[in-house]
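Colleague: One predicted model, sequence on top.
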Amino acid sequence: MAGGRHQLTQRRPDSAGNASRCITGHTFLRRRRQAMMRAITLMLVIVHLSGCELSTPDLPGDGQWRVINYWAIWCTPCREEIPELNAVDSGSDLVVLAVNYDGKEGATLREEAAEMGITFKLLEKDPGAALGIERPRVLPTTLLVNPDGEVTDTLVGPQTQEGLMELWRQRRR
């Protein structure tokens, strides 16, 4: 021990298998940290390129209360609640977002949304990972998300404008 500091070393075998090369603990730790950072960076790049949302600010309406509704064309209760959600979207400060349960995208998503009568914003990617939630098991499922991006309520079954507005008023207090 020199100057009150421990000097760690690790012997690393050379190509012939002999432990002839020594590195200090500091060098070893620096190299391990660099390797870990490269691995983490690679994981983040893979997640980002896979189309997953990385954070809730990527969702429309950042800093506002949001209603996120999971729906499908084959879901009869979804069809029943769409007019209620349209009314919430057009008549309040809540931002309503639609997520197609079947993962439809592009023109197919827009066509099915039009057939359902959806007039609020469509999300092509499921924000579940960014919100820290699992994929809903029942449709329709509606989430109330606060301005900080936290899910405050998960509602299963068809919702009404009156019910959503009352819940929102309670949560804002």
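Modeller: In hand now; what should we look at?

Colleague: Got the domain ranges for this protein?
Modeller: Residue ranges for the domains of the chain, per automatic domain parsing: 9-49, 57-172.

Colleague: which one of those is the most hemmed in?
Modeller: Stretch with highest mean neighbour count among the domains of the chain: domain 57-172 (a mean of 16; mean count of other CB atoms under 10 Å). (Each C-beta comes from the backbone N, C-alpha and C, glycine too.)

Colleague: still on that earlier bit, can you add mean pLDDT and give the domains of the chain back as TSV?
Modeller: As requested, the domains of the chain are arranged in TSV below (pLDDT from 0 to 100):
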stretch	mean pLDDT
domain 9-49	55
domain 57-172	94
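
Colleague: Now do the SS call for the closest residue to Leu122 other than its chain neighbours.
Modeller: Distances taken as CB to CB, 6 or more residues apart in numbering place Ala98 nearest to Leu122, at 5.0 Å, with adjacent residues excluded. Per DSSP: H, G, I helix; E, B strand; the rest coil, the secondary structure class of Ala98 is strand.

Colleague: Could you do Pro60 as well?
Modeller: coil.

Colleague: show me where this protein has helices.
Modeller: 25-49, 76-91, 106-116, 128-131, 161-172 (DSSP state H).

Colleague: Mind giving me the packing neighbours of the last one?
Modeller: Counting contacts by 3 or more CB pairs under 8 Å, 6 or more residues apart in numbering; DSSP states H and E, helix 161-172 is packed against helix 76-91, strand 141-145, strand 151-156.
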